[in-house]
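>>> fold the following and give me the result.
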Amino acid sequence: MSSLRYKLFRTALEALYFSGAYAVLRPLLGGVGAILMLHHVRPGRSDRFQPNRLLEVTPSYFDDVIRKVRKSRVDIVSLDEAHRRLTERDFSRRFVCITFDDGYRDTLHHAYPILKKHNAPFTVYVATSFADRVGELWWLALEAVVARNDLVGARIEGRDYWFEARTVQEKRAVFDHIYGCLRALKTEDALRQVVRDMASRHRVDVVSFCRDLCMDWQELAELARDPLVTIGAHTVNHPILAKITDNAVRAELENSRAVIEAATGTRPQHFAYPVGDRTAAGPREFQIAAELGYKTAVTTRPGMIFPEHAGHLLALPRLSLNGEFQHLRHAKVLLSGAATGLWNGFRKLNVA
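Have a look, this model is predicted:
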């Protein structure tokens, strides 16, 4: 999301809160529940250049949100329980599911103690190559390249480009531009090759981010032993699925589940599409997940859960706890459904 769109979204959140409109709209737009999406829960960093800050919230903010949900008399439930409520049409109480993507170590060290304290179930979607220490968290590698260099080079579609990145403002502009170019590339292989080339020429170790930031299989097994924890699948290599072939999509969904089952003893029944927006996962991916027998699959499309989602369990929306909006009033607005309702043009379903 561009800086302008962030400002507009923040303005909308503030207006909905201070006008009280979010409370008025809650009965209309709040649905029967919500699935929260997180990546990192960890202490804030002081770095001025943090283009991926939207993916992390502080432990204190996370704790405040969980307390707020509990005080609102909303049930915090597992994905299995959410699936049951949707398929059996049990909507006597609203619910919230808590999910974490990728399998970062701070989930174990910072989020887990908070959730344990509140006896709150949650799901961790694991990209198995990250736990294997061979995956590529390319968006973090891109951040590191731009952060560490005043002149950034990138070879994109056969042409070399050089960008000045001396100030924080320039670095943000360079990051956003290159990120946009990467997302626009037609294949996942092309995207990865650009990042590998950038990392090589600027001496950034792409694979080191897995080692430094992600849980290994021993840590994941430790977490999985707690009945509060559900381990879900998140592919092997974390590709943008829309950029790869049908057979490759099927292999990513099947093989990740098999690896997780071998490592933890439990076969994942729930899946998260990497990146997960409309450009990354759509009807083809939803159909393959259904054919492979997953009970649910989540996107990153913003939205609340409505009874109608019982017919679209492989295309569920989520609410992002965004690091750019870490005020409890923002969480109240999001959990009311007002912001995502306006974003979606008051449509309950966004599954096309």
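
>>> output the longest helix belonging to the chain.
Among the elements of the chain assigned as helix by DSSP state H, the one spanning the most residues is helix 246-264.

>>> which other residues reach it?
With C-beta atoms under 8 Å, 6 or more residues apart in numbering as the contact definition, helix 246-264 has outside contacts at 126-128, 131-132, 217, 220-221, 224, 231, 233-237, 239, 241, 244, 266-268, 271, 284-285, 288-289, 292, 294. Every C-beta, even on glycine, is put in place using the N, C-alpha and C of the backbone.

>>> dump the residue contacts of the nearest residue to residue 111 once chain neighbours are set aside.
In space, and not counting its chain neighbours, residue 111 is closest to residue 41: 3.9 Å by C-beta to C-beta, 6 or more residues apart in numbering. When contacts are counted by C-beta under 8 Å, 6+ apart, residue 41 touches 56-59, 62, 100, 106-107, 110-111, 114.

>>> off-centre distance for the lowest-mean-pLDDT helix or strand in the chain?
One helix or strand of the chain scores below all others by mean pLDDT, DSSP states H and E: helix 3-18, with a mean of 86. Averaged C-alpha coordinates place helix 3-18 at 21 Å from its chain's average position (C-alpha atoms, centre = their mean, to the nearest Å).

>>> rewinding a little: show me what counts as buried in the longest helix of the chain.
Of the residues in helix 246-264, those buried under the neighbour-count criterion (16 or more other C-beta atoms under 10 Å) are 249-250, 252-253, 256-257, 259-260, 263-264.

>>> swap in stretch 323-333?
For stretch 323-333, burial by neighbour count (16+ other C-beta under 10 Å) applies to 323-326, 330-333.

>>> of the residues you listed, which belong to helices?
Assigned to helices by DSSP H, the following of the buried residues of stretch 323-333 qualify: 330-333.

>>> for residue 217, which non-adjacent residue is spatially closest?
In this structure, residue 217 finds its nearest non-sequential neighbour in residue 263, 4.7 Å apart by C-beta to C-beta, 6+ apart.

>>> what's the answer for residue 114, then?
Nearest-residue entry for residue 114: residue 63, 4.9 Å, with adjacent residues in sequence omitted and distances by C-beta to C-beta, 6+ apart.

>>> same check, this time on residue 178
Setting aside the residues directly before and after it, residue 178 is nearest to residue 154 in space (C-beta to C-beta, 6+ apart), at 5.7 Å.

>>> okay, now that neighbour: neighbour count?
23 (other C-beta atoms under 10 Å).

>>> mind checking pLDDT for it?
At residue 154 the predicted local distance difference test score is 97.

>>> what distance do you get for it to residue 162?
The spacing between residue 154 and residue 162, counted by C-beta to C-beta, to the nearest Å, is 8 Å.

>>> just residue 287 next, same as before
For residue 287, the distance to residue 162 equals 43 Å [C-beta to C-beta].

>>> which one's more surrounded, those two?
Residue environment comparison for residue 287 versus residue 162 gives the larger neighbour count to residue 287, 14 against 9, counting by other C-beta under 10 Å.

>>> what pLDDT does that one get?
Turning to residue 287, the model gives it a pLDDT of 98.

>>> ok, the nearest residue to it once chain neighbours are set aside - contacts?
Distances taken as C-beta to C-beta, 6+ apart place residue 314 nearest to residue 287, at 7.8 Å, with adjacent residues excluded. For residue 314, the contact set (C-beta under 8 Å, 6+ apart) comprises 271, 286-287, 289-290, 294, 296-297.

>>> same thing but 6 Å
286, 289-290, 297 (C-beta atoms under 6 Å, 6 or more residues apart in numbering).

>>> could you look up the SS state of it?
Residue 314 carries the three-state label coil when classified by DSSP: H, G, I helix; E, B strand; the rest coil.

>>> give me the phi and psi for it.
According to degrees, to the nearest 10, the main-chain angles of residue 314 amount to phi -100, psi 20.

>>> now residue 313
Here the main-chain torsion angles of residue 313 (degrees, to the nearest 10) amount to phi -70, psi -10.
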